[in-house]
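Q: Quick one, what's the 3D model for this:
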Amino acid sequence: MQFSEPEHRWQLTQGQLVRHMICGDEAVLYNELSGDTHLVDSDVIAVLLALRAGAAGVPELCARLDAGADAAAGIGTILAGLRHLALVEWAT
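A: Purely as a prediction, here's the structure:
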């Protein structure tokens, strides 16, 4: 099963505030649940901020980010990584 399949809807993990500091094309992201910090690129922050508006599938995230359908695979990869870090989860 791929994480970018359209039927999956994603949301921020309960309690995530997406605290971050941007410096150029990179950002430091704080995970409120684990206390970990992560160095991520600006695309990761954009996906997280787009999820602040509510749960969404990859196609809807592409629309929120004003990205073309060709961005879906990249967004799916970002979501898979964020899920591994417990920053996002599948919406219920």
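Q: State which helix of the protein is the longest.
A: helix 72-84 (DSSP state H).
Q: which helices and strands does the helix or strand just after that one pack with?
A: Scanning forward in sequence from helix 72-84 by DSSP states H and E, the next helix or strand is strand 88-90. Applying 3 or more C-beta pairs under 8 Å, 6 or more residues apart in numbering; DSSP states H and E, one finds that strand 88-90 contacts strand 9-12, helix 72-84. Backbone N, C-alpha and C define where each C-beta goes, glycine included.
Q: And the strands in the protein, which stretches?
A: For the chain, the strands defined by DSSP state E occupy 9-12, 19-23, 26-30, 37-41, 56-57, 88-90.
Q: R64: which of these is closest?
A: The closest of the strands of the chain to R64 is strand 56-57. By C-beta to C-beta, the value is 6.6 Å.
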